[in-house]
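S.K.: Structure of the sequence below:
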Amino acid sequence: SAIYENQFYYLFGFLFLVFIILVISCSQISIVMVYFQLCGEDYQWWWRSFAVSGGSAVYVAAYSIFYFATKLEIDEFVPTLLYFSYTTIMVITFWLLTGTIGFYAAYAFIRKIYAAVKID
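M.R.: Purely as a prediction, here's the structure:
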């Protein structure tokens, strides 16, 4: 229950559910791309797994520019600079978060498939 007016807040549960869906999506797309890369006999998968799942940050950046152009009515230089500075920090953080999720998922996948290979 909430401290304020004895109300229940379901927002945090919903955000947690969306975060779980984000983790699953980043993991799956990174694993699929690494698998395709390994099928093509390209074994330099580290940065590709990081960049592919971190690519969702491009959507966040594009949407923040769209939001600035259509919804916000900021005409001055300093508020615009602040908006894009904080947006850049947020996009880089989101890219690092999703890229790390994708890298660790691909790493676990690689360890699992190469552990199953028996060399006699």
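S.K.: for whichever strand or helix holds I31, packing partners?
M.R.: Under the criterion of DSSP states H and E, I31 resides in helix 11-39. If you count contacts as 3 or more CB pairs under 8 Å, 6 or more residues apart in numbering; DSSP states H and E, helix 11-39 packs onto helix 46-54, helix 56-70, helix 77-115. (Glycine included, C-beta is placed from N, CA and C.)
S.K.: let's see 6 Å
M.R.: If you count contacts as 3 or more CB pairs under 6 Å, 6 or more residues apart in numbering; DSSP states H and E, helix 11-39 packs onto helix 46-54, helix 77-115.
S.K.: what residues are up against the closest residue to C26 other than its chain neighbours?
M.R.: Once flanking residues are discounted, C26 sits nearest to S53: 4.0 Å by CB to CB, 6 or more residues apart in numbering. By CB atoms under 6 Å, 6 or more residues apart in numbering, the contact set of S53 is 26, 29-30, 98-99, 102.
S.K.: okay if I get the residues you listed as TSV plus pLDDT, distance to L15 and neighbour count?
M.R.: Formatted as TSV, these follow (pLDDT from 0 to 100; distance: CB to CB, whole Å; neighbours: other CB atoms under 10 Å):
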residue	pLDDT	distance to L15	neighbour count
C26	95	16	25
I29	96	21	19
S30	96	22	29
T98	96	16	25
G99	96	20	22
G102	96	20	29
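S.K.: distance of S49 from Q28?
M.R.: As defined by CB to CB, to the nearest Å, S49 lies at a distance of 12 Å from Q28.
S.K.: next one: W47
M.R.: 19 Å.
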